[in-house]
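Peer 1: Dropping a prediction and its sequence here:
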Amino acid sequence: MRQRLLEKRGKDILTPFKFATFVRQKFFIMENKWLSPSPEVKNALSEGRPVVALESTIIAHGMPFPKNVETALRVEQIVRDAGAVPATCAIIGGRLKCGLNSDEIELLGRGGSDIPKASRRDLAYLLSRGANGATTVASTMIIAHLAGIRVFATGGIGGVHRGATSTMDISADLPELAQTPVAVVSAGVKSILDLPLTLEYLETQGVPVVGYQTEEFPAFYTRHSGLQVDFRLDTAEEIAHLLAAQWSAGLRSGVLIANPVPAEYEADPALIDQAIAAALEAAEQKGIRGKAITPFLLAHIEQATGGKSLETNIELVCWNARLGAEVACELSVIGY
């Protein structure tokens, strides 16, 4: 991969894909007064080098301090080692930050649940108040798209919540995937959610679900759900060509790349199912709703599994970051 990147950079052919991306990146970075890419990210984008977006909710709300900061820095290093530039996204001081320094990552990690969880609906408020915010999948996709970043790696996306037929509780991540052309690499959908209904929603919205080296949709903590992906692709290069075809054809939705957690880090399915059932019951009893429910459930499951779920969560995020970087590098090779 590194050799292919070096050869590509040496030739530096301005393909139609690369020209269109260059123009869009220049326009948004120059004209969007709210967007603040780091110098490293801005330079990488202007030079056509691969960049991978990373979210920050996992830092502020997904793990305890200091494990959250350690994991965030580890994930960034994995992206670098694979040949790409990491761009952790957040709202810092009322700015859409794309690429954080270590102090900003620690700010989010120490702030924890005091840092607002920011999805699409929250962005304008936090920007207008000059506030901080930890970006979800949806808002990270928005920032990545504004900056011209094509690939985003996370743990698991949000989806249709269990009981949504009566509550209508559907994550903003899903409609974002339907309208924002960014590839999201994840270990599927968080298994606290309704996986079959989530896949039905994505199908209705025309979002391709690609299984990386698998025909089965992963269930976050575990590799198997009994559900099928739309397409199986076995290499990062194949995925990159699908993405280029999707967007160059004018199809504006995102693409969900489902990457199962490595088998050695997979949690015991029976233990996870038991923990999820107990967590859902506890949430019902406490009346936990809306954006607070996912952090509550994940924390409850971590406690019920004796920390096993957190270990699995960390490893799958790292695994997704590695694949995200490989896909971003392949996109750079083909000039997209």
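Peer 2: On my side now, so go ahead.
Peer 1: so where do the strands sit in the stretch 151-300 of the chain?
Peer 2: 151-153, 183-186, 209-212, 231-233, 255-258 (DSSP state E, counting those that start in this stretch).
Peer 1: biggest helix in this protein by residues?
Peer 2: Ordering each helix of the chain by length in residues (DSSP state H) puts helix 308-333 first.
Peer 1: What distance do you get for the closest residue to residue 332 other than its chain neighbours to residue 330?
Peer 2: Nearest non-adjacent residue to residue 332, counting by C-beta to C-beta, 6 or more residues apart in numbering: residue 50, 4.3 Å away. For every residue, glycine as well, the C-beta is placed using N, CA and C. Plainly put, residue 50 is 8 Å away from residue 330 if you go by C-beta to C-beta, to the nearest Å.
Peer 1: just residue 79 next, same as before
Peer 2: On the measure of C-beta to C-beta, residue 79 and residue 330 end up 14 Å apart.
Peer 1: The two - which one has more neighbours?
Peer 2: residue 79 (27 against 24; other C-beta atoms under 10 Å).
Peer 1: Is that one in contact with residue 53, as I believe?
Peer 2: No. Applying C-beta atoms under 8 Å, one finds residue 79 not in contact with residue 53, separated by 9.8 Å.
Peer 1: Which residues are in contact with each of the two?
Peer 2: Overlap of the contact sets of residue 79 and residue 53 (by C-beta atoms under 8 Å, 6 or more residues apart in numbering) consists of residue 153.
Peer 1: Near residue 157, how many residues? Count them for me, please.
Peer 2: Count around residue 157 with other C-beta under 10 Å applied: 27.
Peer 1: Looks like it contacts residue 171 (just checking).
Peer 2: Yes. Using C-beta under 8 Å, residue 157 is in contact with residue 171, at 7.2 Å.
Peer 1: Show me the common contact partners of the two, please.
Peer 2: With contacts defined as C-beta under 8 Å, 6+ apart, the residues shared by residue 157 and residue 171 are residue 137.
Peer 1: which residue ranges form the helices in the stretch 1-150 of the chain?
Peer 2: For the stretch 1-150 of the chain, the helices defined by DSSP state H, counting those that start in this stretch cover 2-11, 16-31, 39-46, 57-60, 67-81, 102-111, 123-128, 137-147.
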